[in-house]
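K.L.:
Following is a predicted model, sequence given first.
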Amino acid sequence: MKVVIIGGGWSGLAAAITAKKAGADVEIYEKTDMLLGLGNIGGIMRNNGRYTAAEELIALGAGDLINLTDSVTKHKNIYFPGHHHAWLYDVNKIEPVVKEYVEDLGIKIFLKQRVIDVKKEGDTIVGIILYDGQFITGDAFIETTGSTGPMGNCLRYGNGCSMCVLRCPAFGPRVSISARAGVPDLQGEREEGVCGAFSGSCKIGKETLSKEICKELDEKGVVIIKIPKEDINLEKLKQKVCQQYALKEFAENIILLDTGHAKLMTSYYPLDKLRNIEGMENAKYIDPYAGGKGNSIRYLSMAPRENNMKVDGIKNLFCGGEKSGLFVGHTEAISTGSLAGHNSVRWYLGMPLLTLPKSTAVGDLISYEGNMTNTLEGKRKRYTFAGSEYFVRMKEKKLYSTDTEEINNRVKKLNLQNIFGEAII
């Protein structure tokens, strides 16, 4: 069996790993020259409910990528406003580590290969078409193309192309594979009539900050600096995709996290004002390069899907990550991608598709987002283990835990231990 994955971010890689473990031949087609996408600038793991979800994934047999981020973690168990026991991985080290691991599994990776269309027979996809006309066949397909781009969307719903890590000008715009297959996209909103939301952080070169700030970042992993009262902008919080970071503390303070670079926890901050802050007189944005003005716009292309990650209306198309809903974060992408990869093989074999029980955090998040996206109010929210509305729900349902043994027992009682690690072909 051959599984073809479109998009090489966290979700696509997670799907590739579980499909490969299940026994399929797997190919990944990524439009840029690097894997991981937003994972190359993210860096935050295990904060709040993501700790629970990470341990669930390990117990389910899909902990490969969690273990890899753990292996290049710079800081463990740090606190910043609203977030406990966060782990910060080094964004400058993670991509080569992941690429080598995935290739060692025998998964084929094709970089700089943008997928632009599909060919169908009835309600089944028989192949994908690359930008140069190549036709790639497969048995099942998984779309993990994300929800950002093309550049026109960042102009229409944001402040223009901010030249972010996705690099649409160089590698071409994102194409919605599900839409090409005839399934209309869903879009998230941030207010009535305004689609999408700004990415929630920027990267600043650590070497452009003062020695004092760098020392504190190296030692503690986090630096918090008061913003002058006249520069506080609470309204900007409404634009952020990462609602778990849309607390007033993030508007009243400069919050820097050490992820290899200095991760500035705001969608954008005018460079002239940033350089008025002590220790940041020489600050320079390195992603997005126009971080003084804007950021990328996300949640403009989601596929309607079932809780087993199959796309509605297409027999052999699955989805994960932001393509599959209003999910925020690496752990969330790994969770949805892992389920999509596993179920693509089950579908080929004619087996019942797996839906994770709502007594797991991963299963409950997928189900809850699916229900909420069907409502107007729900389309204006984002869903993450790390905070906002879903983390409140997580605690209310007693799904949140940092006790590894308790989490393992939860998975074991459901007879799901290592379900994603077992060969079924």
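P.N.:
Received the coordinates, thanks. Numbering: from 1, shown residues only.

K.L.:
tell me the contacts of Met394?
P.N.:
The contact partners of Met394, by Cβ atoms under 8 Å, 6 or more residues apart in numbering, come to 49, 52, 361, 364, 385, 400. Bear in mind the C-beta positions are built from the backbone N, C-alpha and C, glycine included.

K.L.:
Reformat those as CSV; add distance to Ala19, pLDDT and secondary structure.
P.N.:
Formatted as CSV, those follow (distance: Cβ to Cβ, whole Å; pLDDT from 0 to 100; DSSP: H, G, I helix; E, B strand; the rest coil):
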residue, distance to Ala19, pLDDT, secondary structure
Gly49, 26, 98, coil
Thr52, 25, 98, helix
Ala361, 23, 98, helix
Asp364, 24, 98, helix
Phe385, 24, 97, coil
Tyr400, 30, 98, coil
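
K.L.:
which stretches of the chain have low pLDDT?
P.N.:
For the chain, applying pLDDT under 70 flags the ranges 234-247.

K.L.:
max-length helix in it?
P.N.:
Among the segments of the chain that qualify as a helix by DSSP state H, the longest is helix 330-349.

K.L.:
mind listing the strands for the stretch 151-300 of the chain?
P.N.:
Counting by DSSP state E, counting those that start in this stretch, the segments of the stretch 151-300 of the chain that form strands are 189-191, 194-195, 197-198, 202-204, 222-226, 253-258, 262-264, 285-287, 297-298.

K.L.:
Check the contacts of Met394 against Asp33 and report the nearest one.
P.N.:
Proximity of those to Asp33 (Cβ to Cβ) peaks at Phe385, which lies at 30.5 Å.

K.L.:
and the closest residue to Asn276 other than its chain neighbours, how many neighbours does it have?
P.N.:
Using Cβ to Cβ, 6 or more residues apart in numbering and skipping the chain neighbours, the partner closest in space to Asn276 is Pro228 (7.4 Å). Pro228 has 9 neighbours, counted by other Cβ atoms under 10 Å.

K.L.:
Check Tyr51 too.
P.N.:
Tyr51: 26 surrounding residues under other Cβ under 10 Å.

K.L.:
how much space between it and Gly363?
P.N.:
Tyr51 sits 17 Å away from Gly363, going by Cβ to Cβ, to the nearest Å.

K.L.:
what's the answer for Asp403, then?
P.N.:
Using Cβ to Cβ, one gets 19 Å for the distance from Asp403 to Gly363.

K.L.:
quick one: which of these two has more around it?
P.N.:
Set Asp403 next to Gly363 and count neighbours by other Cβ under 10 Å: Gly363 wins out with 22 against 12.

K.L.:
I'd say the more buried one and Leu356 touch.
P.N.:
Yes: the criterion here is Cβ atoms under 8 Å, and Gly363 meets it with Leu356 at 3.1 Å.

K.L.:
which neighbours do those two share?
P.N.:
Asn307.

K.L.:
And the residue of the chain most remote from its centre, how close does it get to Lys273?
P.N.:
Going by Cα atoms, centre = their mean, the residue of the chain most distant from its centre is Glu230, 33.8 Å out. Distance of Glu230 to Lys273, given as Cβ to Cβ: 9 Å.

K.L.:
Next, count neighbours for Thr137.
P.N.:
11.

K.L.:
Ramachandran coordinates for it?
P.N.:
Backbone torsions of Thr137, given as degrees, to the nearest 10, read phi -90, psi 160.

K.L.:
same check, this time on Ser210
P.N.:
phi -70, psi 160.

K.L.:
In contact with the nearest residue to it once chain neighbours are set aside: list those residues for me.
P.N.:
Nearest non-adjacent residue to Ser210, counting by Cβ to Cβ, 6+ apart: Gly279, 3.7 Å away. Listed by Cβ under 8 Å, 6+ apart, the contact set of Gly279 reads 209-210, 212-213, 225.

K.L.:
Now which of these would you call buried?
P.N.:
209, 213 (16 or more other Cβ atoms under 10 Å).

K.L.:
Can you name the residues that contact Gly370?
P.N.:
305-307, 325.

K.L.:
mind redoing it with 10 Å?
P.N.:
With Cβ atoms under 10 Å, 6 or more residues apart in numbering as the criterion, the residues that contact Gly370 are 304-307, 309, 324-325, 378, 383.

K.L.:
and if you look at Arg167?
P.N.:
Here Arg167 is in contact with 31-34, 149, 161 (Cβ under 10 Å, 6+ apart).

K.L.:
need those residues in CSV with neighbour count, can you?
P.N.:
Shown next, in CSV, are these (neighbours: other Cβ atoms under 10 Å):
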residue, neighbour count
Lys31, 28
Thr32, 21
Asp33, 10
Met34, 17
Gly149, 25
Cys161, 23
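
K.L.:
All set, thanks.
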